[in-house]
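Asker: dropping the sequence and predicted coords here.
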Number of protein chains: 2
Amino acid sequence: MTRIWTAALAVIGDEILSGRTQDKNVAQLASWLNVQGIRLAEVRIVPDVEDRIVAAVRALAAENDYLFTTGGIGPTHDDITVDAVARAAGVGVVVHPEARAILERYYETRGGLTEARLRMARVPEGATLIHNRVSGAPGIRLGNWFVMAGVPHITAGMLDTLTGTLEGGRPVVSRTIGGWVAESEVADLLRQAERDAGGEGDARVSIGSYPFFRDGRVGANFVVRSADSARADACVADLRARLQGAGYVITDGGI
Amino acid sequence: MTRIWTAALAVIGDEILSGRTQDKNVAQLASWLNVQGIRLAEVRIVPDVEDRIVAAVRALAAENDYLFTTGGIGPTHDDITVDAVARAAGVGVVVHPEARAILERYYETRGGLTEARLRMARVPEGATLIHNRVSGAPGIRLGNWFVMAGVPHITAGMLDTLTGTLEGGRPVVSRTIGGWVAESEVADLLRQAERDAGGEGDARVSIGSYPFFRDGRVGANFVVRSADSARADACVADLRARLQGAGYVITDGGI
């Protein structure tokens, strides 16, 4: 058993709350954090309103080891994340000289660094840059806060830069088995298997049950998670045996 | 100008926070709410932990006209939403006789109503049912709180049942124009167009700028939103003229 490290994400964007854009950063960040040994503990999606962003950032940062934001760091009037994050941290906003230099180089052949573009070099005082090979604009690191882009492939570039640099615990391993099982028929069996698997802290085993309806039949996948991989494997073997004992054909990896 | 009605959503699910499942209910609910004249003001994604669900439900309900939850209403041990919502409301949990009857009918030819399946008939005291033509299990309404399924097409069936039954304001209209425009070149123009479009309360016009990179070129779509459709249309016409005046080819509906 080791300590559990947690992160939270504030997704900033009217476009998500209006239904116009399907968010992809939650799943992307969650998967990346798993590999770093950090759990995504909460997400809040808030509108492009400074007070709302400040409140979400403060609340999430107070309860987690790391805070991420996505969205609102472009050059236009609706991009207010840097100001909100600075206010949440109680610091001012400055132009970062290296960010300015990056943008000057990037826009040298693209019409030059205008005042609007220079907005993308503004950072909370004391911040460092998260380099991004995809576009000119860097992300921002302020202590354990990480300010990322809204466009998923740009965020992917920033996460790539951060890989291996954040302290975390053991990664959570996740094993899936599944079959043409109505989950309501095996509810007691699942509860029992989870209880018997035990584990404390990050070693605690959880079993998630995810039903589906496909080709006119009901089925379910069962996801066993724990940071203790031996314990997770033992639970999978036990659960598989219980389900097979109840007469089901079970597929490793899920169906 | 009329009153702005707001809703919040608590997404309950380890499967979303682990990155295993891509959420689709945020976009689905947001689009549905727009038509009802209600704005989705905040989303919180929380794990399958009762205290965390209770805290999110209470906080979101206190600040919005309507509260929705998705996920965690199935028959298995990890489905704890009903208990959490009842606790947040300060009421007990009871078996709803109509829900029980629905499940008895549904499972009559599917192996009968077991104890696990009967869990899906449990509701917070005082709740009514939200019928769902897709599967047996109903959703739950408790005053202005709505407890929905996690599986998106089942939630769609529940929302369909609720269509037209929730008091709201004027729907927000959303108009999009776009072009092969680097948004950083038109940032001032966008800010000015939004300022000139004006409007108060639900009539206030907002312009969102959504850049993209496609076929080796940068472009952007601009989304104009307001509950005052005449004001939105006037802003679109003004913005189109400004962009064309700056030399861009602009496509209605966006590109």
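Answerer: Ah, there it is.

Asker: could you say which helix or strand holds A:R191?
Answerer: Element membership of A:R191, judged by DSSP states H and E, is helix A:187-197.

Asker: next, the buried residues of that helix.
Answerer: Burial within helix A:187-197, assessed by neighbour count using 16 or more other CB atoms under 10 Å in any protein chain shown, is assigned to A:187, A:189-194, A:197. Quick note: C-beta positions are derived from backbone N, CA and C, even for glycine.

Asker: buried residues in the next helix or strand after it, which are they?
Answerer: Next helix or strand after helix A:187-197 toward the C-terminus (DSSP H and E): strand A:206-214. By neighbour count on 16+ other CB under 10 Å, the buried set for strand A:206-214 is A:206-211.

Asker: quick one: neighbours of A:A101, just the number.
Answerer: By other CB atoms under 10 Å in any protein chain shown, the residues close to A:A101 number 12.

Asker: for A:A86, see how far away it is.
Answerer: Separation of A:A101 from A:A86 (CB to CB, to the nearest Å): 21 Å.

Asker: tell me which residues touch A:E183, please.
Answerer: A:190, A:209, A:211, A:220, B:74-76 (CB atoms under 8 Å, 6 or more residues apart in numbering or on different chains).

Asker: can you pull up the bridge partners for the closest residue to it other than its chain neighbours?
Answerer: Residue nearest to A:E183 in three dimensions, not counting chain neighbours: A:A220, with 4.3 Å by CB to CB, 6 or more residues apart in numbering or on different chains. On the basis of DSSP bridges, A:A220 is bridged to A:G179, A:P211.

Asker: before we move on, back to that, pick out the lowest-pLDDT one from the buried residues of strand A:206-214.
Answerer: Ranked by pLDDT, these bottom out at A:P211, which scores 89.

Asker: ok, the helix or strand bottoming out on mean pLDDT in chain A near chain B or not?
Answerer: Sorted by mean pLDDT, DSSP states H and E, the helices and strands of chain A end with helix A:115-118, the least confident at a mean of 89. Yes: Helix A:115-118 lies within reach of chain B by CB under 8 Å from any CB of the partner chain, at A:115-117.

Asker: for stretch A:191-203, same thing?
Answerer: Yes: residues of stretch A:191-203 contacting chain B under CB under 8 Å from any CB: A:191, A:194.

Asker: now that stretch: average pLDDT?
Answerer: Averaged across stretch A:191-203, the pLDDT comes to 95.

Asker: now stretch A:236-245
Answerer: For stretch A:236-245, mean pLDDT rounds to 98.

Asker: then that stretch to PDB, C-alphas only?
Answerer: The C-alpha trace of stretch A:236-245 is given here as PDB (Å, rounded to 0.1, in the frame of the first residue of the first chain):
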ATOM      1  CA  VAL A 236     -10.000 -11.600 -11.900                       C
ATOM      2  CA  ALA A 237      -9.300 -15.300 -11.600                       C
ATOM      3  CA  ASP A 238     -11.700 -15.600  -8.700                       C
ATOM      4  CA  LEU A 239     -14.400 -13.700 -10.500                       C
ATOM      5  CA  ARG A 240     -13.900 -15.600 -13.700                       C
ATOM      6  CA  ALA A 241     -14.300 -18.900 -11.800                       C
ATOM      7  CA  ARG A 242     -17.500 -17.700 -10.000                       C
ATOM      8  CA  LEU A 243     -19.100 -16.600 -13.300                       C
ATOM      9  CA  GLN A 244     -18.100 -19.800 -15.000                       C
ATOM     10  CA  GLY A 245     -19.500 -21.700 -12.000                       C
END
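
Asker: show me how far that stretch is from its chain's centre.
Answerer: 31 Å (CA atoms, centre = their mean, to the nearest Å).

Asker: what about it and chain B, touching?
Answerer: No: using CB under 8 Å from any CB, stretch A:236-245 stays clear of chain B, with a minimum separation of 12.6 Å.

Asker: flag every buried residue along that stretch.
Answerer: For stretch A:236-245, by 16+ other CB under 10 Å, it's A:236, A:238-240, A:242-243.

Asker: next one: stretch A:166-180
Answerer: Neighbour count says stretch A:166-180 has A:166, A:168-179 buried, by 16+ other CB under 10 Å.

Asker: kindly report the same for stretch A:224-233.
Answerer: The neighbour-count check on stretch A:224-233 (16+ other CB under 10 Å) flags A:224-228, A:231-232 as buried.

Asker: please narrow those to those residing in helices.
Answerer: Using DSSP state H, the members of the buried residues of stretch A:224-233 that fall within helices are A:231-232.

Asker: so which of the buried residues of stretch A:224-233 comes closest to A:H131?
Answerer: Comparing these against A:H131 with CB to CB places A:A227 closest, at 30.2 Å.

Asker: is it true that A:I38 touches A:A7?
Answerer: Yes: counting by CB atoms under 8 Å, A:A7 is a contact partner of A:I38 at 5.1 Å.

Asker: hey, what's in contact with both of the two?
Answerer: Joint contacts of A:I38 and A:A7 (CB under 8 Å, 6+ apart) are A:65-66.

Asker: what parts of the stretch 51-200 of chain A come near chain B?
Answerer: Proximity of the stretch 51-200 of chain A to chain B (CB under 8 Å from any CB) is limited to residues A:52, A:74-78, A:110-111, A:114-117, A:119-120, A:135, A:151, A:172, A:174, A:182-188, A:190-191, A:194.

Asker: report the buried members of those residues.
Answerer: Among those, the ones that count as buried by 16+ other CB under 10 Å are A:52, A:74-78, A:114, A:116-117, A:119-120, A:135, A:151, A:172, A:174, A:182-187, A:190-191, A:194.

Asker: so which residues of the stretch 1-150 of chain A form helices?
Answerer: In the stretch 1-150 of chain A, the helices defined using DSSP state H, counting those that start in this stretch lie at A:14-17, A:25-36, A:50-63, A:81-89, A:97-107, A:115-118.

Asker: can you redo these as TSV with distance to B:G157?
Answerer: Listed next are the helices of the stretch 1-150 of chain A as TSV, based on distance: least, CB to CB, whole Å:
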stretch	distance to B:G157
helix A:14-17	23
helix A:25-36	24
helix A:50-63	31
helix A:81-89	37
helix A:97-107	49
helix A:115-118	46
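
Asker: and stretch A:80-91, which residues are buried?
Answerer: Across stretch A:80-91, burial judged by 16+ other CB under 10 Å covers A:80-89.

Asker: between the helices of the stretch 1-150 of chain A, which one is closest to A:R44.
Answerer: Closest to A:R44 of the helices of the stretch 1-150 of chain A, according to CB to CB: helix A:50-63, at 4.6 Å.

Asker: next, the angle from the closest one to helix B:50-63.
Answerer: Taking axes from the mean of the first three to the mean of the last three CA atoms, to 10 degrees, one finds helix A:50-63 and helix B:50-63 inclined to each other by 160 degrees.

Asker: tell me what angle helix A:50-63 forms with helix A:81-89.
Answerer: Using the same axes, to 10 degrees: helix A:50-63 against helix A:81-89 is 50 degrees.

Asker: tell me what helix A:50-63 is packed against?
Answerer: strand A:5-12, strand A:38-46, strand A:66-70, helix A:81-89 (3 or more CB pairs under 8 Å, 6 or more residues apart in numbering or on different chains; DSSP states H and E).

Asker: send me that helix as PDB with only the CA atoms.
Answerer: Backbone C-alpha positions of helix A:50-63 (Å, rounded to 0.1, in the frame of the first residue of the first chain) are rendered in PDB as follows:
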ATOM      1  CA  GLU A  50     -14.000  34.400 -14.600                       C
ATOM      2  CA  ASP A  51     -15.700  34.100 -11.200                       C
ATOM      3  CA  ARG A  52     -16.800  30.500 -12.000                       C
ATOM      4  CA  ILE A  53     -13.400  29.500 -13.100                       C
ATOM      5  CA  VAL A  54     -11.700  31.000 -10.000                       C
ATOM      6  CA  ALA A  55     -14.100  29.200  -7.700                       C
ATOM      7  CA  ALA A  56     -13.700  25.800  -9.400                       C
ATOM      8  CA  VAL A  57      -9.900  26.100  -9.500                       C
ATOM      9  CA  ARG A  58      -9.600  27.000  -5.900                       C
ATOM     10  CA  ALA A  59     -12.000  24.200  -4.700                       C
ATOM     11  CA  LEU A  60     -10.400  21.500  -6.800                       C
ATOM     12  CA  ALA A  61      -6.800  22.600  -6.000                       C
ATOM     13  CA  ALA A  62      -7.600  22.500  -2.200                       C
ATOM     14  CA  GLU A  63      -8.600  18.800  -2.400                       C
END
